[in-house]
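Peer 1: one predicted model, sequence on top.
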Amino acid sequence: MAPSELQKRPPTWAERGLPSLRARFYVLLAALAALALAPWLVTEELRRGTDGFAIAIQETGSLRFRLLQILVQVPQARSDGPARERVETLMREQSELLDHSVTGNPSTGFAACPAPDVCARFTAHRSRWTDELRPRLQTALDGSDTALDALTTDVLLEVTELDLTVRAAARVVQDRMERNARLGSWASVGSVLLVALVALGVGQIFTRIRRLRALVDVSDDRAIREQVRGTDELDALARALGKGIAAEREQREAEARRAEELAVQQLAVGGVAESLSKWLAGSGSLDRSLREVALATGHERAELAGDPATLRLHGKAADRDGADDVLIDTLSQIFAIACLADRLLADKAVQGRLAVALGGLSGRPDETEIEESLSKLIAHDAAVIELYDANRRVDDMWAMQGGRLERLPALCDGGAPEQVTLVPPNSSAGCAVLRQRCGGAQLVIPLRMNQDLTGAIYLARGVGEFSDHDLRNAQALAPVAASALARVQLEARLRFAEQWSTLGAFGRLLAHEIKNPLNSLGLELNLLERRVAKLELPSADREKLTSSVGVVKSELARLTKLTNEYLSMSPKSGALEVQPVDLSEIAASVARTHAATMADRAIRLEEHLPGPAMVLGHPDKLKQLVHNLLGNAIEAMVGSSVRVATLAIRRHGAEYELAIRDTGPGISDPVAIFTPGFTTKASGTGMGLAISQQIARQHGGRLVARAIETGGAEFTLSIAAHDSGAPN
């Protein structure tokens, strides 16, 4: 329907009388309710008008029959007792029926007389029966023939009157039925008119709704407002639709204007983003990007300030109204992302330099580069770097403080958590070595390679705590440092394997060339010693000769020992046949072997050996290890004024620790002394401690050394326990 076809019409009589559509509907609902009640009202009126009349007419008809029956049976009743009783009964029933014809009998459903004239006739019948006919019938019943003859004529006349009365009552009932029929006809006519009225109202409503829908389809708000003729609900709906369409049109126009503005802003944002991309690539200037931002937002100047960097705009341009908040927020986010990317690139460069510097730990590390790069990523006062073996025990350890890198003995177990963790000040967690050097908060960075914990970096601050930003930097640093330190571990293991391979080959060559001559010399020396014992020589000569033989035997034993040490470096010696052994018994046995030497050198031995300390190991290899350590302790105390050696075994978690301490001059480098060939003795081979450490590793254990502050050194062997208190 075109808007030109929709013309404003005057309101109808219903709209003028009831301006509210709701009120008109309520009136229609009331009329429909009355229409629904009309059949019931007609039916009820019909029931009330005819209720009991059928019984009444039936009983009224029996009045004539009963009167004639009484008249016929009177002659017989004079001489017949039962007949007399029947006549008297009929007379009583006649009296009761005449009374009921006037007043009705609710108990039997007998209706009262239906109209005043009928009531008057029934009243006359009852008077004639009571005053005339019944007394005369009673007299005739008592034996008077004359009275019976005269009575017959009067009874027949009364029967005729009763017949007329019944007809009058029937006419009254017929009139009532006709009146109820007319009432039903009028109710039907009213129902039809009411339905037509409802249909007319509903049709008008749907017509107006159809017009409004047509106008809504063409979005003609002016034509919709012209449809308003009153104050009913459809008029209110038309007004609301008109306002809504007008608002929608205004919104579309505003959105179109906004789209144009966004297109302009998008071009400006694209230009700024391209400029920032060039800046990140090193071919552009940050100042140029800031000038473009000021131009796009209508400000005089833009700058970056604060950490993290914040975009600040100063002064609106005279010929510009400025930009909206969305554009400014978008540009701020772009600058924040660009600054973050710049920082990430810088952090990546620092991480790369740090990785290169950490990779030099196995040789000559760049202490300055490690300290500066690590401090740029995470500010700290001291640091400790730990590398773990396969059992998460510290295999190597460095401390960094004040630009100085120091390699430390691996005295503690790897206890780094599974993720980057902040350790508050005065906490027992973290690295104990770092806590001694720099008290305060610690930041623990676990290092992983292929999900295996290979090491950890501990950072400490003397004042203040680490921030969430430091945590994020630590999480980014962890994989880079793990990769670099994994290379350090690999190089150390390759270097160690190369050293042992070379020394092992030399040991096999030495065994081949020297061992057999040494065995022959030993046999010949034993024969010489027996022959000397059989010679008859002066005691002085015998002593000199015996002393010379002893010197030769000592030197021979030293050469044999050296040969065996090189033999023990053979690759074939890595596969041990282990068995449960008592570490306490091995230590006590070695102590008994050196007891005489210690007594000669005035060395006091303090033993702290508990009950059985069962481990899985090779008895001879473990005994060789303890011999080396205790022998070194004895030799270290040659020039000491206080000579005390301590041999102790203690339980530490799932391991037994065998500690041998001396009161000698101590050690300067607790890490380098285990390098094959390293020695501080004039006549030493530098192989004893290297071999001892190799034996410890063959048993899955660890051998570390530390210098004691009061003087002397302590060597500690850690090996897994093999008893009910620890896993096998």
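Peer 2: Right, received. Where do you want to start? Just so it is clear, the model here is predicted, and its values are computed rather than measured.
Peer 1: alpha carbons only for contacts and neighbour counts from here, please
Peer 2: OK.
Peer 1: skipping its backbone neighbours, what lies nearest residue 455 in space?
Peer 2: residue 387 (4.2 Å; Cα to Cα, 6 or more residues apart in numbering).
Peer 1: now do whichever helix or strand that neighbour is part of: everything it contacts.
Peer 2: In this structure, residue 387 sits in strand 382-388 according to DSSP states H and E. For strand 382-388, the surrounding residues in contact (Cα atoms under 8 Å, 6 or more residues apart in numbering) are 394-402, 414, 431, 433-434, 437-438, 453-461, 485, 489.
Peer 1: next step: the residues you listed restricted to helices.
Peer 2: Secondary structure assignment (DSSP state H) places 433, 434, 437, 485, 489 from the contacts of strand 382-388 within helices.
Peer 1: beta partners for the nearest residue to the first one once chain neighbours are set aside?
Peer 2: In space, and not counting its chain neighbours, residue 433 is closest to residue 384: 7.9 Å by Cα to Cα, 6+ apart. Residue 384 has the following beta-bridge partners by DSSP bridges: residue 399, residue 458.
Peer 1: can you check the one 10 residues further on too?
Peer 2: Assessed by DSSP bridges, residue 394 has beta-bridge partners residue 388.
Peer 1: ok, back up a step: ok, the residue nearest to residue 433 - how many residues close by?
Peer 2: When neighbours are counted by other Cα atoms under 10 Å, residue 384 registers 23.
Peer 1: how about the helices in the stretch 251-400 of the chain?
Peer 2: 286-297, 325-359, 367-377 (DSSP state H, counting those that start in this stretch).
Peer 1: what of the stretch 551-700 of the chain?
Peer 2: For the stretch 551-700 of the chain, the helices defined by DSSP H, counting those that start in this stretch cover 583-593, 595-600, 619-636, 688-698.
Peer 1: mean pLDDT for these: which is lowest?
Peer 2: Here the helices of the stretch 551-700 of the chain differ in mean pLDDT, and the lowest is helix 688-698 at a mean of 83.
Peer 1: which single helix of this structure contains the most residues?
Peer 2: The chain, longest helix under DSSP H: helix 145-217.
Peer 1: for that one, packing partners?
Peer 2: If you count contacts as 3 or more Cα pairs under 8 Å, 6 or more residues apart in numbering; DSSP states H and E, helix 145-217 packs onto helix 21-50, helix 53-77, helix 116-128, helix 134-142, helix 221-226, helix 233-281.
Peer 1: what about 7 Å?
Peer 2: If you count contacts as 3 or more Cα pairs under 7 Å, 6 or more residues apart in numbering; DSSP states H and E, helix 145-217 packs onto helix 21-50, helix 53-77, helix 116-128, helix 134-142, helix 221-226.
Peer 1: domains in the chain, by residue range?
Peer 2: The record's domain parsing of the chain by automatic domain parsing lists 38-187, 492-574, 576-720.
Peer 1: mind putting those into JSON lines with distance to residue 447?
Peer 2: JSON lines is the format used below for those (distance: least, Cα to Cα, whole Å):
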{"stretch": "domain 38-187", "distance to residue 447": "95"}
{"stretch": "domain 492-574", "distance to residue 447": "18"}
{"stretch": "domain 576-720", "distance to residue 447": "21"}
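Peer 1: buried set for stretch 626-644?
Peer 2: Buried positions in stretch 626-644, judged by neighbour count with 16 or more other Cα atoms under 10 Å: 626-634, 636-638, 643-644.
Peer 1: what's that stretch in contact with?
Peer 2: Identification of contacts with stretch 626-644 by Cα atoms under 7 Å, 6 or more residues apart in numbering yields 587, 590, 598, 602, 603, 604, 605, 660, 662, 663, 664, 688.
Peer 1: between the two ends of it, how far is it?
Peer 2: End-to-end distance of stretch 626-644 (Cα to Cα, to the nearest Å): 17 Å.
Peer 1: centre-most residue in the chain?
Peer 2: In the chain, the residue lying closest to the centroid (Cα atoms, centre = their mean) is residue 419, at 20.7 Å.
Peer 1: now the closest residue to that residue other than its chain neighbours: which helix or strand?
Peer 2: Among residues not flanking residue 419 along the chain, residue 446 sits closest, at 6.2 Å (Cα to Cα, 6+ apart). Residue 446 belongs to strand 441-449 when assigned by DSSP H and E.
Peer 1: what separates that strand from the chain centre, distance-wise?
Peer 2: Distance of strand 441-449 from the chain centroid (Cα atoms, centre = their mean, to the nearest Å) equals 27 Å.
Peer 1: neighbouring strands - and their directions - for that strand?
Peer 2: Short version: by DSSP bridges, strand 441-449 pairs with strand 421-423 (antiparallel), strand 452-461 (antiparallel).
Peer 1: pull out the buried residues from that strand.
Peer 2: Neighbour-count burial for strand 441-449 [16+ other Cα under 10 Å]: 441, 442, 443, 444, 445, 446, 447, 448.
Peer 1: against residue 615, how distant is the last one?
Peer 2: Counting by Cα to Cα, the gap between residue 448 and residue 615 amounts to 30 Å.
Peer 1: same question for residue 150.
Peer 2: Separation of residue 150 from residue 615 (Cα to Cα): 156 Å.
Peer 1: tell me which of these two has more neighbours.
Peer 2: residue 615 (22 against 12).
Peer 1: SS state for the residue nearest to the centre of the chain?
Peer 2: Secondary structure, DSSP: H, G, I helix; E, B strand; the rest coil: residue 419 is coil.
Peer 1: just checking, it touches residue 447?
Peer 2: No - in this structure residue 419 lies outside contact range of residue 447 using Cα atoms under 7 Å: 9.0 Å.
Peer 1: overlap of the contact sets of the two?
Peer 2: Shared contacts of residue 419 and residue 447 (Cα under 7 Å, 6+ apart): none.
Peer 1: quick check: which ranges of the stretch 201-350 of the chain have low pLDDT?
Peer 2: In the predicted model, the stretch 201-350 of the chain carries pLDDT under 70 at residues 218, 221-222, 224-236, 265, 279-284, 305-309, 317-327, 331, 335-336, 338-350.
Peer 1: you'd agree residue 720 is in a strand?
Peer 2: Yes - Residue 720: assigned to a strand according to three-state DSSP.
Peer 1: quick check: it touching residue 655?
Peer 2: Yes - in this structure residue 720 lies within contact range of residue 655 using Cα under 7 Å: 4.3 Å.
Peer 1: more neighbours, the two?
Peer 2: Neighbour count, other Cα under 10 Å: between residue 720 and residue 655, residue 720 has more, with 23 against 20.
Peer 1: distance of residue 393 from residue 586?
Peer 2: For residue 393, the distance to residue 586 - Cα to Cα - is 25 Å.
Peer 1: again, but for residue 721
Peer 2: Computed as Cα to Cα, the residue 721 to residue 586 distance reads 15 Å.
Peer 1: and what of residue 517?
Peer 2: For residue 517 relative to residue 586 (Cα to Cα), the value is 32 Å.
Peer 1: those two - which one has more neighbours?
Peer 2: residue 586 (19 against 12).
Peer 1: backbone torsions only: list them for residue 464.
Peer 2: The phi and psi torsions at residue 464 (degrees, to the nearest 10) take the values phi 80, psi 180.
Peer 1: shift numbering so it begins at 34
Peer 2: All set: I'll call the first residue 34, so the last point we hit is now residue 497.
Peer 1: ok, how many other residues are close to it?
Peer 2: 12.
Peer 1: same question, the one 10 residues further on
Peer 2: As a burial measure, the neighbour count of residue 507 was computed by other Cα under 10 Å and equals 22.
Peer 1: my guess is it meets residue 476, correct?
Peer 2: No - if you go by Cα under 7 Å, residue 507 and residue 476 don't touch, sitting 8.4 Å apart.
Peer 1: list the contacts of residue 478.
Peer 2: 453, 454, 489, 490, 491, 507, 511.
Peer 1: give me the distance between the closest residue to the fourth one other than its chain neighbours and residue 734.
Peer 2: Distances taken as Cα to Cα, 6+ apart place residue 418 nearest to residue 490, at 4.7 Å, with adjacent residues excluded. In this structure, residue 418 and residue 734 are separated by 21 Å, where distance is defined by Cα to Cα.
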